[in-house]
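>>> Model the following, please.
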Amino acid sequence: MAKVVLRKNNKIRRKLRVRKKIFGTSKKPRLSVYRTNKYCYGQIIDDSKGVTLVSLSLNDIKKLHKDKNKMEASFEIGKILAEKALEKKIKTAVFDRSSYYYHGRIKQIAEGAREGGLKL
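Residues are numbered from 1 along each chain as shown. Next comes the predicted model:
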């Protein structure tokens, strides 16, 4: 029981440590990522207004990722998210990895967004 509580506390501490340094504005919004065992989610958020500008999930692009694994699908999420952001004239963003380490699917979303034309 104590290990579960300790891990949850560590996750919360990591998230707070990352978020105290990052704030999204209208010119440079925040690209926030969230992942579960099955899906990945990405949002571009303007914190000054408290508005989500663009959002996308693996569930939204199920048809595209049927023959791909989760890593490749996460890369596609980043790419499509960047394309949607560029349509709304968002060229730069701040990457918010939340409490996740920068590897695996989180890293793939960031690299996909960079390849899609978004500056992180």
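>>> Strands along this structure, start to end?
30-35, 40-46, 51-57, 94-96 (DSSP state E).
>>> What pairs with the second one, parallel or antiparallel?
The one in question is strand 40-46. Strand 40-46 has the following strand partners under DSSP bridges: strand 30-35 (antiparallel), strand 51-57 (antiparallel).
>>> ok so, going back, what would the strands of the chain look like in JSON lines with mean neighbour count, mean pLDDT and distance to residue 17?
In this view, the C-beta of every residue, glycine as well, is placed from N, C-alpha and C. Shown next, in JSON lines, are the strands of the chain (neighbours: other CB atoms under 10 Å; pLDDT from 0 to 100; distance: least, CB to CB, whole Å):
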{"stretch": "strand 30-35", "mean neighbour count": "21", "mean pLDDT": "95", "distance to residue 17": "15"}
{"stretch": "strand 40-46", "mean neighbour count": "21", "mean pLDDT": "95", "distance to residue 17": "19"}
{"stretch": "strand 51-57", "mean neighbour count": "17", "mean pLDDT": "94", "distance to residue 17": "23"}
{"stretch": "strand 94-96", "mean neighbour count": "19", "mean pLDDT": "93", "distance to residue 17": "12"}
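>>> for the protein, what helix or strand is lowest in average pLDDT?
When each helix and strand of the chain is scored by mean pLDDT, DSSP states H and E, helix 2-19 comes last, with a mean of 82.
>>> For the residue most central in space within the chain, which residues count as its bridge partners?
The centre of the chain sits closest to residue 33, judged by CA atoms, centre = their mean, with a distance of 2.4 Å. For residue 33, the beta-bridge partners are residue 42 (DSSP bridges).
>>> Out of the strands paired with strand 40-46, flag the one nearest residue 87.
strand 51-57 (8.6 Å; CB to CB).
>>> re the thing from before, next, format the strands of the chain as CSV and append distance to residue 80.
Formatted as CSV, the strands of the chain follow (distance: least, CB to CB, whole Å):
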stretch, distance to residue 80
strand 30-35, 13
strand 40-46, 9
strand 51-57, 6
strand 94-96, 16
